[in-house]
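*Asks:* for reference, the sequence and a predicted model appear below.
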Amino acid sequence: MIGQPVDDLSAAAPRRQVFRAVLRAVLTSTALVLLYFTLPLTGTLDSSTASLLALGLLGLAGVITWQVRAVLRSQYPGLRAIEALAAAIPLFLVLFAAAHVMLADAQPQAFSEP
């Protein structure tokens, strides 16, 4: 199963597994985007902001580590890899966007030309 080409994935994996993988990927991405729009991302830049960013980066590293281990253990690693990307990429983008929103709110001159 691990050495299977991606083309054989649809033939080998039951439809239920594919449906679950796609559903989890969509739900994870949706939850992260909703979280981004509901978090209060205003205020000043201080040590708590830097701590939150560091905590977010550690969380991202933890999610990636957990996802890689899950892919390696999975019966269908191709499907699990899709789920892993659907969790890690939006998490990185939300973290990056939140940092930029907070920076733009605290220091508007950082994003303007003289």
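*Replies:* Thanks, I have the structure now.

*Asks:* so, low pLDDT: which residues of this protein?
*Replies:* For the chain, the stretches flagged by pLDDT under 70 are 1-13, 43-45, 114.

*Asks:* what are the boundaries of the helices in it?
*Replies:* Applying DSSP state H to the chain gives helices spanning 9-12, 15-38, 47-73, 77-106.

*Asks:* in a markdown table, list these along with mean neighbour count and distance to S112.
*Replies:* Yep, even glycine has a C-beta here, placed from its N, CA and C like the rest. Shown next, in a markdown table, are these (neighbours: other C-beta atoms under 10 Å; distance: least, C-beta to C-beta, whole Å):
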| stretch | mean neighbour count | distance to S112 |
| --- | --- | --- |
| helix 9-12 | 12 | 48 |
| helix 15-38 | 13 | 24 |
| helix 47-73 | 13 | 21 |
| helix 77-106 | 17 | 10 |
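
*Asks:* tabulate the ones you listed (a markdown table), appending distance to E113.
*Replies:* A markdown table is the format used below for the helices of the chain (distance: least, C-beta to C-beta, whole Å):
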| stretch | distance to E113 |
| --- | --- |
| helix 9-12 | 49 |
| helix 15-38 | 27 |
| helix 47-73 | 25 |
| helix 77-106 | 14 |
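
*Asks:* so what's A70 up against?
*Replies:* Residues near A70 by C-beta atoms under 8 Å, 6 or more residues apart in numbering: 80, 83-84.

*Asks:* which among those residues gets closest to L91?
*Replies:* Proximity of those to L91 (C-beta to C-beta) peaks at A84, which lies at 10.7 Å.

*Asks:* grab the nearest non-local neighbour of that closest one.
*Replies:* With sequence-adjacent residues excluded and distances taken as C-beta to C-beta, 6 or more residues apart in numbering, A84 is closest to Q67, at 3.5 Å.

*Asks:* show the contacting residues for the one you found.
*Replies:* 80, 83-84, 87-88.

*Asks:* thinking again about what came up before, closest to F37 out of the contacts of A70?
*Replies:* Using C-beta to C-beta as the measure, the one of the contacts of A70 that approaches F37 most closely is E83, at 22.6 Å.
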